[in-house]
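Asker: With the sequence up front, the predicted model follows.
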Amino acid sequence: MTKTFNILFYVRRDKADEQGNAPVYCRITVDGKRSELAIKRQVALTKWQPSKGYVKGTNEEARSLNTYIDSVRTKIYEHQKLLMDANKPVTAEAIKNSFLGISQKSKSLFQMFEEHNEKIKQLVGKQFAQGTHERYVTVLKHLKEFVQKRYSLSEYYVGEVNHEFIQEFDHFLRVVHNCANNSASQYLKNFKKIIRLATAKGLISIDPFLNYKIKLKKVDRGFLLQEELDAIQAKTFTIPRLSQVRDIFLFQCYTGLAYADLKKLSKEHIIKGADGELWISTHRTKTDTAVNVPLLPEAVAILNKYESHPESNNKGLLLPVLSNQKMNAYLKEIGDLCGITKNLSSHIGRHTFASQVTLANGISLEVVSKMLGHSNINTTKIYARMVDSRVSEEMQGLKGRMSLKAAKSA
């Protein structure tokens, strides 16, 4: 039988921000054992009355917070009674969990996230790319930081996640971590998957993402124009590392391979097609979608150039591909030396294949989609940037046909 029961409201002075505002906490004590929770409100230290557990003053802000404190106190008493009426153990932790709506089955949000990430890690190379696992790890890291800074908590329960939590996390990503819209939206999509899992397990009754729209903005995909591609190809580099990275980048421009697929390219991925020509036949690391690309002469020449390169041969690979970070850094040097102002990266190589090398030369969107390994042609449309020369060519043809038609009518 419960001997003592006490509720105390206090501020965490050690968590005060630069403006002197500190979070308000509630301490529940049952038989000398404590359990604490943040009530998700802050108050200026100068306005707090420790002896009373209230805010000083009679203005609207003080009255509102004091009313909220009273409502929390009342609810805690109600949950104490609910436990007693149900003949359940009445402990400080049990009262807190009952107040927060946490059942015995509920898991820590972070624990559930970590368990999910571990499963993703085990499937890297089979079902998921390494980058997918790394992104989920980053989301969890940001989530823990957000909960600590916003609520002054080192733990959070799945059942506590609501629409307001998601809004605040979204704001945190954009302001504190300066995430662009699509980065923040992608992180939220990853978080949404964890919440869906929790909902499916019955740990959340109503999905807090139900009325929350995650909007990805269309990205202007950069690519090289023909004269820029020619400039890089014609440039002579005396520094071996730049020459090597230039060749690898050109191989991307003429095959459309993503960096992850380029890095693992081996002899088994080169086949002779039904047309008697050499093809790349592989599966995308990111989606496991089949990729089949006929090799253009420029790509074959690069493979021949590095056929005996020790760095790649020792690993059983076709090309000596550096880390993505190093490759992108050296590509910036290459861009400067070639007088190209665009921010060169391995992504630009893939986009150049899609836009300039294929689509701009009359290859159909459907064929390009298949070579890029897209499962949805709408994904390919993002790359379907028509350069001015192709637009001009098409319009000149139209003018010619219209002139011929007019002449026949005359």
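Answerer: Structure's in. What do you need?
Asker: Just after the helix or strand in which Lys75 is found, pick out the following helix or strand.
Answerer: For Lys75, the element it lies in under DSSP states H and E is helix 60-85. Downstream of helix 60-85, the next assigned helix or strand under DSSP H and E is helix 92-100.
Asker: Give me the below-cutoff pLDDT ranges for this protein.
Answerer: Along the chain, segments meeting pLDDT under 70 span 1-3, 102-106, 218-221, 383-394, 410.
Asker: What are the phi and psi values at Ala44?
Answerer: With angles defined as degrees, to the nearest 10, Ala44 sits at phi -70, psi 130.
Asker: To what extent is it buried, counted in neighbours?
Answerer: 15 (other CB atoms under 10 Å). For the C-beta atoms, the positions are set from N, CA and C on the backbone; glycine is no exception.
Asker: Show the contacting residues for it.
Answerer: By CB atoms under 8 Å, 6 or more residues apart in numbering, the contact list for Ala44 reads Gln19, Gly20, Asn21.
Asker: partner residues bridging it?
Answerer: Beta-bridge pairing for Ala44 (DSSP bridges): Asn21.
Asker: how near is it to Leu65?
Answerer: Separation of Ala44 from Leu65 (CB to CB, to the nearest Å): 11 Å.
Asker: and what of Ser312?
Answerer: Taking CB to CB as the measure, Ser312 and Leu65 are separated by 66 Å.
Asker: Where do the helices of the stretch 101-250 of the chain begin and end?
Answerer: Using DSSP state H, counting those that start in this stretch, the helices of the stretch 101-250 of the chain run over 109-122, 130-151, 163-175, 181-200, 226-234, 240-255.
Asker: among the ones you listed, which is the most enclosed?
Answerer: Ranked by mean neighbour count, the helices of the stretch 101-250 of the chain are led by helix 240-255 with a mean of 21 (mean count of other CB atoms under 10 Å).
Asker: same for that helix, what does it pack against?
Answerer: helix 226-234, helix 259-263, helix 297-305, helix 324-337, helix 346-352 (3 or more CB pairs under 8 Å, 6 or more residues apart in numbering; DSSP states H and E).
Asker: got a list of contacts for the shortest one?
Answerer: Counting contacts by CB under 8 Å, 6+ apart, the residues outside helix 259-263 that touch it are 129-131, 248, 251-252, 255, 282, 284-286, 291, 317, 319, 321, 324, 327, 346-347.
Asker: can you rerun that using 10 Å?
Answerer: With CB atoms under 10 Å, 6 or more residues apart in numbering as the test, helix 259-263 has contacts from 129-131, 248-249, 251-252, 255-257, 269, 280, 282-286, 291, 315, 317-319, 321-324, 327-328, 345-347, 349-350, 373.
Asker: could you flag which of those residues are buried?
Answerer: Neighbour counting by 16 or more other CB atoms under 10 Å classes 129, 248-249, 251-252, 255-257, 269, 280, 282, 284-285, 291, 317-319, 321-322, 324, 327-328, 345-347, 349-350, 373 among these as buried.
Asker: helices and strands around whatever helix or strand Ser369 lives in, which ones?
Answerer: For Ser369, the element it lies in under DSSP H and E is helix 365-372. Helix 365-372 sits against strand 290-294, helix 377-381, with contacts defined as 3 or more CB pairs under 10 Å, 6 or more residues apart in numbering; DSSP states H and E.
Asker: now, of those, which is deepest in the fold?
Answerer: Using mean count of other CB under 10 Å, the stretch among these with the largest mean neighbour count is strand 290-294, at a mean of 17.
Asker: Sheet-wise, list the partners of it with their directions.
Answerer: Strand pairing for strand 290-294, determined by DSSP bridges: strand 278-283 (antiparallel).
Asker: tell me the angle the partner strand makes with helix 240-255.
Answerer: Between strand 278-283 and helix 240-255, the angle comes out at 90 degrees (axes from the mean of the first three to the mean of the last three CA atoms, to 10 degrees).
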